[in-house]
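# With the sequence up front, the predicted model follows.
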Amino acid sequence: MTEQSPTGRLAGRIALITGASRGIGAAVAERFAAEGAHVVLVARTQGALEELDDRIRAAGGTATLIPQDLADLEKLDVIGPALFEKFGRLDIFVANAAQLGFHGPLGHAAPKDWDKTFTVNVTANHRLIRTLDPLLRASDAGRAILVTDRVGHVPAAYWNAYAASKAAVEMMGRLWAAETLRTNLRVNLLDPGPVATALRGKAFPGEEPASQRQPADVAAAFVDLALPGCTRHGELVTLC
């Protein structure tokens with residue numbers, strides 16, 4: 001892994017990443033830290049967060065851990081005030097965490113599965129936007145990256161609540177971008193395409209992970225959208 005550089009492209013930036021304990025979230029966290037950012041890592045699995053923290057610190061980076069289940073919505077509201085007290089601002093928000101939920105015919109999904117998928121994929125992101133928006137606006141170059149999926153804008157059978165929730169995330173991102181045109185905040189959507197993650201493994205259990213791009217392969221695209229000099233706004237960036 002590349003060692004963190006104090007003159008990296010994200011030097012001095014504060015970046016919060018959800019779903020950070022594994023997959024794309026972990027890869028982005030390590031890449032951001034290597035570029036000089038202090039990363040705030042949110043995920044429900046504390047052990048995995050600690051292992052990631054060890055890797056980041058071994059490479060010369062720094063991190064703050066927030067072991068948090070995004071389905072516990074009330075606790076998300078305190079993240080913004082806690083970050084303000086500690087850092088005074090937030091420069092980058094990567095909304096990466098997502099849940100697949102039931103993969104099958106639309107009419108076969110149990111209401112509790114549908115609701116849980118929307119809670120994690122949509123409502124939690126709204127709560128985070130609500131608590132983090134003032135901090136991102138306080139940054140000299142706030143950047144928000146909402147991770148989406150092709151099935152959120154191109155209908156595909158059997159993707160159920162996951163596809164519907166990603167469509168909702170895309171509309172939230174576009175609304176947020178429209179509301180921040182005259183600010184220093186830039187909001188974009190990123191569709192990384194097929195990547196070997198645990199979520200994809202659940203959707204395609206017979207697929208060989210080595211046949212797909214790895215999480216580290218898409219991390220550079222996140223850096224590009226997080227840079228202070230990035231001017232893209234309200235766009236859907238696709239890597240496939």
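It's in. Numbering: from 1, shown residues only.
# can you pull out the strands in this protein?
Taking DSSP state E as the criterion, the chain carries its strands at 14-18, 38-43, 62-67, 92-95, 143-147, 186-191, 236-238.
# my guess is residue 137 meets residue 182, correct?
No. Residue 137 is beyond contact range of residue 182, at 10.7 Å (criterion: C-beta atoms under 8 Å). Bear in mind the C-beta positions are built from the backbone N, C-alpha and C, glycine included.
# Pull the CA coordinates from the lowest-mean-pLDDT helix or strand in the chain and hand them back as CSV.
None of the helices or strands of the chain scores lower by mean pLDDT, DSSP states H and E than helix 198-203, at a mean of 91. Extracted in CSV, the C-alpha atoms of helix 198-203 (Å, rounded to 0.1, in the frame of the first residue of the first chain):
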residue,chain,number,x,y,z
ALA,A,198,-20.1,-9.2,-0.4
LEU,A,199,-23.3,-7.6,-1.7
ARG,A,200,-22.7,-8.8,-5.2
GLY,A,201,-21.7,-12.2,-3.9
LYS,A,202,-25.2,-12.5,-2.4
ALA,A,203,-26.8,-11.5,-5.6
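# Per-residue pLDDT of the spatially most central residue of the chain, please?
What sits nearest the mean C-alpha location of the chain, by C-alpha atoms, centre = their mean, is residue 96, with 2.2 Å. Looking at residue 96, its pLDDT stands at 98.
# Pretty sure it sits against residue 144.
No. Counting by C-beta under 8 Å, residue 96 stays clear of residue 144, with 11.6 Å between them.
# I'd like to know how far the residue nearest to the centre of the chain sits from residue 224.
Distance, residue 96 to residue 224, using C-beta to C-beta, to the nearest Å: 16 Å.
# what about the nearest residue to residue 135 once chain neighbours are set aside, neighbour count?
Closest residue in space to residue 135, ignoring its immediate chain neighbours: residue 90 at 3.8 Å, by C-beta to C-beta, 6 or more residues apart in numbering. Counted with other C-beta atoms under 10 Å, residues neighbouring residue 90 total 27.
# Phi first, then psi, for residue 90.
The phi and psi values for residue 90, taken as degrees, to the nearest 10, are phi -140, psi 130.
# Okay, it and residue 59: tell me how far apart.
23 Å.
# OK, contacts around residue 13?
Residues in contact with residue 13, defined by C-beta atoms under 8 Å, 6 or more residues apart in numbering, are 32, 36-38, 91-92, 226, 228.
# One more pass at 10 Å, please.
For residue 13, the contacting residues are 32, 35-39, 89-92, 139-141, 143, 226-228, by C-beta atoms under 10 Å, 6 or more residues apart in numbering.
# Residue 52 contacts residue 64, doesn't it?
No. The criterion here is C-beta atoms under 10 Å, and residue 52 misses it with residue 64 at 11.8 Å.
# So what's the residue count around residue 178?
Counted with other C-beta under 10 Å, residue 178 comes out at 11.
# ditto for residue 151
20.
# okay, it: pLDDT?
The model's pLDDT for residue 151 equals 95.
# and what of residue 7?
65.
# Same check on residue 212?
For residue 212, the predicted pLDDT is 88.
# where does it fall, phi/psi-wise?
phi -110, psi 160.
# Am I right that it is in contact with residue 193?
Yes. In this structure, residue 212 is within contact of residue 193 by C-beta under 10 Å, at 9.0 Å.
# how about low-confidence regions in the chain?
1-7 (pLDDT under 70).
# what ranges do the helices span in it?
Here the chain has its helices, by DSSP state H, at 23-34, 46-58, 73-76, 79-87, 111-118, 124-138, 160-179, 198-203, 215-226.
# closest to residue 188 out of those?
helix 215-226 (5.3 Å; C-beta to C-beta).
# Which other helices and strands does the closest one contact?
Judged by 3 or more C-beta pairs under 10 Å, 6 or more residues apart in numbering; DSSP states H and E, helix 215-226 is in contact with strand 14-18, helix 23-34, strand 92-95, strand 143-147, strand 186-191, strand 236-238.
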